[in-house]
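Asks: Next come a sequence and a model predicted from it.
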Amino acid sequence: MPLINPIVHNSHWIDGKKMAFSREVHIYDNRVTPVLKPSVFNVLHCSGEPEQFRSNNAQIIAAANRYDLILTWDKMILANCKNAVMFPFGMTWIKEEDIRSINVEDKTTKTSFIITNKNNNLRTQTSSSNS
């Protein structure tokens, strides 16, 4: 039986061409949306963003039965959805060639911070308090 690439919804960064399954799979990324094909294996992936940038926990818990599997690190979703499994998040958007060019031994500290220009309250408050 040939392997089948998944159909990926709501995502520009999950590359369905790099994975294959023995049956048809649809992956929905970070957003609760209507399941387009209930007869296939439907996965909700919500491990890459905090609740402020994805469907909120109440929406995910209410819609949990639409999905065969929910991948998350969120403790509330894990506790309230029997089809949720722990899916720790860890990745980088730094290009591989840039990573290879960094000489870790030359660093004076061993911690790096990458911040975003997203305007959220925490960043605003932190910036304001340091002014």
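Replies: Received it, and whenever you're ready, just let me know what you need.

Asks: Could you use CA atoms for every contact and neighbour count after this?
Replies: Noted.

Asks: Find the centremost residue of the protein, please.
Replies: When the chain is reduced to its mean C-alpha position, the nearest residue by Cα atoms, centre = their mean turns out to be G48, at 2.5 Å.

Asks: Can you tell me how far that one is from R54?
Replies: Using Cα to Cα, to the nearest Å, one gets 9 Å for the distance from G48 to R54.

Asks: go on, K17?
Replies: According to Cα to Cα, K17 stands 24 Å off from R54.

Asks: Give me the contacts around stretch 6-24.
Replies: Identification of contacts with stretch 6-24 by Cα atoms under 8 Å, 6 or more residues apart in numbering yields 1-5, 25-31, 40-41.

Asks: On the pLDDT front, check S129 for me.
Replies: You'll see S129 listed with a pLDDT of 38.

Asks: Where does N42 sit: helix, strand or coil?
Replies: Recorded secondary structure, N42: strand (DSSP: H, G, I helix; E, B strand; the rest coil).

Asks: and the gap between it and L36?
Replies: From N42 across to L36, the span is 9 Å (Cα to Cα).

Asks: ok, now F53?
Replies: From F53 over to L36 the distance is 23 Å, taken as Cα to Cα.

Asks: go on, Q59?
Replies: Q59 sits 18 Å away from L36, taking Cα to Cα as the criterion.

Asks: Compare neighbour counts for these two and give me the winner.
Replies: With neighbours defined as other Cα atoms under 10 Å, Q59 and L36 compare such that Q59 has more, 13 against 10.

Asks: Check the more buried one and give its pLDDT.
Replies: Each residue has a pLDDT score; the one for Q59 is 95.

Asks: State whether it and V32 are indeed in contact, as I suppose.
Replies: Yes. Counting by Cα atoms under 8 Å, a contact exists between Q59 and V32, whose distance comes to 7.0 Å.

Asks: quick one on the thing from earlier: of the contacts of stretch 6-24, grab the buried ones for ChimeraX.
Replies: Burial among the contacts of stretch 6-24 is assessed by 16 or more other Cα atoms under 10 Å; the matching ChimeraX selection reads:
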select :5,25,26,27,28,29,30,31
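
Asks: In strands, which of the contacts of stretch 6-24 fall?
Replies: Where these overlap with strands, as defined by DSSP state E, the overlap consists of V25, H26, I27, Y28, D29, F41.
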